[in-house]
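In: I would like to see how this sequence folds:
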Amino acid sequence: MHRLLFEHRECVLTGRWTPEHGVEVASSTLPAPWLTALGRLGHDLHVRQYGPRIEHIDWAAMYDPDGGAVWLESAVTVEGRNPDGLGGNGTGAQVDDDVERVLVSMADLVQLQVANAHTAWPWGDEGGFTGPHLVDGVAVWIDRTGRATPIGELKERR
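Out: Numbering: from 1, shown residues only. A predicted model of the protein is given here:
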């Protein structure tokens with residue numbers, strides 16, 4: 001389901017990511033898979049940035065009661081630029097989705113907001129973006145060579 005503008009959305013999670021502290025959730029009414037997914041995504045934010053360094057990302061997960069979907073909105077701040085406002089355009093996830101589906105949604109939404117802040121993330125071994133996909137029920141980053149790495153297991157480029 002793609003994001004539409006809803007007047008009656010409810011904030012169901014707030015949090016932040018920084019390189020120093022990783023993921024910090026301030027409040028959440030979402031099921032545990034959402035927090036697990038956010039932790040795995042936060043791990044990968046520590047590596048493979050190309051361009052200005054991400055200083056921090058503020059998050060708000062917004063729930064649409066009409067469709068039952070949640071979108072993780074991000075406000076990305078990178079070195080040398082003013083903070084961007086909260087936003088997110090992409091695929092949401094259902095509240096009761098498993099951790100892998102939630103993670104693909106989060107990765108897609110955060111990656112686009114990071115790119116809007118003029119930083120490429122995550123950058124592949126052979127250059128270029130990697131993209132989030134669900135392959136055999138597992139959330140993975142796929143680079144331009146077709147190599148898949150589970151989201152939450154990225155390491156520095158080789």
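In: after the longest helix that the chain contains, which helix or strand is next?
Out: Longest helix of the chain, by residue count under DSSP state H: helix 99-116. Next helix or strand after helix 99-116 toward the C-terminus (DSSP states H and E): strand 131-135.
In: buried sites along that following strand?
Out: 131-132 (16 or more other CB atoms under 10 Å). Heads up, the C-betas are built off the backbone N, CA and C, glycines and all.
In: mind listing the strands for this structure?
Out: Remark: strands assigned in the chain by DSSP state E are 10-18, 22-28, 54-64, 69-78, 93-94, 131-135, 138-142, 148-150.
In: quick one: low-confidence parts of this structure?
Out: 1-8, 158 (pLDDT under 70).
In: how much space between residue 132 and residue 119?
Out: Remark: distance between residue 132 and residue 119 (CB to CB, to the nearest Å) = 16 Å.
In: can you pull the contacts of the nearest residue to residue 141 once chain neighbours are set aside?
Out: Using CB to CB, 6 or more residues apart in numbering and skipping the chain neighbours, the partner closest in space to residue 141 is residue 130 (3.9 Å). Neighbouring residues of residue 130 by CB atoms under 8 Å, 6 or more residues apart in numbering: 48, 122-124, 141-144, 149.
In: ramachandran angles for residue 130?
Out: phi -100, psi 160 (degrees, to the nearest 10).
In: now it: how far from residue 103?
Out: Residue 130 is 14 Å from residue 103, by CB to CB.
In: what do you get for residue 22?
Out: 16 Å.
In: quick one, which of the two is more surrounded?
Out: residue 103 (29 against 14; other CB atoms under 10 Å).
In: which residues does the more buried one contact?
Out: Contacts here follow CB under 8 Å, 6+ apart; on that basis residue 103 touches 37, 40-41, 132, 139, 151-152.
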